[in-house]
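A.B. asks: here is a sequence with its predicted model. Questions after.
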Amino acid sequence: MPFGRQVYAIGNRPAAALLSGVRLGRIHAIVFVVSALGAALVGLLLSGYSSQVYLGMGNEYLLPPIAAVVIGGTRLSGGEGGYVGSIAGALVVVLLQAMLVTLAVSEGAREVIFGTILLALCFLFLRRAR
């Protein structure tokens, strides 16, 4: 759809998107509003599922999605990556989480493992870019 192509164009190269007629400010605002509405909906669903609310209840859901996207080959600086790689990265993260839960690894150790994977892949992508 045209909106998706505009968002993808801004992610690849904002200057080229601006020169091709994409309204950067408007698209950024729409993307942030949709993201905020999605986050609010997920927060409501998570609090309803757990029947309790506390300030840090979503903290364990922050790092694994980022790790999945980076494992899938998407650069954090943007401009490179795809859907298939992100889906493959999500499958790898789900399998890794299942293995870590089976091995009774604590939540803190899981965060350290995912952070180490993220740092290693970021350094790998930096070396590959040079």
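C.D. replies: Right, received. Where do you want to start?

A.B. asks: and the longest helix along the chain, what other elements does it pack with?
C.D. replies: Ranked by residue count under DSSP state H, the longest helix found in the chain is helix 24-50. Based on contacts counted as 3 or more CB pairs under 8 Å, 6 or more residues apart in numbering; DSSP states H and E, the elements that helix 24-50 packs against are helix 2-12, helix 14-19. (Glycine included, C-beta is placed from N, CA and C.)

A.B. asks: looking at those helices, which is nearest to residue 47?
C.D. replies: Across the helices and strands packed on helix 24-50, residue 47 has its closest neighbour in helix 2-12 (29.0 Å, CB to CB).

A.B. asks: list the contacts of the closest one.
C.D. replies: With contacts defined as CB atoms under 8 Å, 6 or more residues apart in numbering, helix 2-12 is touched by 16-17, 20, 22, 24, 27-28, 30-31, 78-79.

A.B. asks: quick one: the closest residue to residue 105 other than its chain neighbours from residue 65, how far?
C.D. replies: Ranked by CB to CB, 6 or more residues apart in numbering and with sequence neighbours excluded, the top spatial neighbour of residue 105 is residue 113, at 7.5 Å. For residue 113, the distance to residue 65 equals 15 Å [CB to CB, to the nearest Å].

A.B. asks: between the two, point out the one with more neighbours.
C.D. replies: Set side by side, residue 113 and residue 65 give different neighbour counts by other CB atoms under 10 Å, the larger being at residue 113 (16 against 13).

A.B. asks: what about the more buried one, which SS state?
C.D. replies: Assigned by DSSP: H, G, I helix; E, B strand; the rest coil, the conformation of residue 113 is helix.
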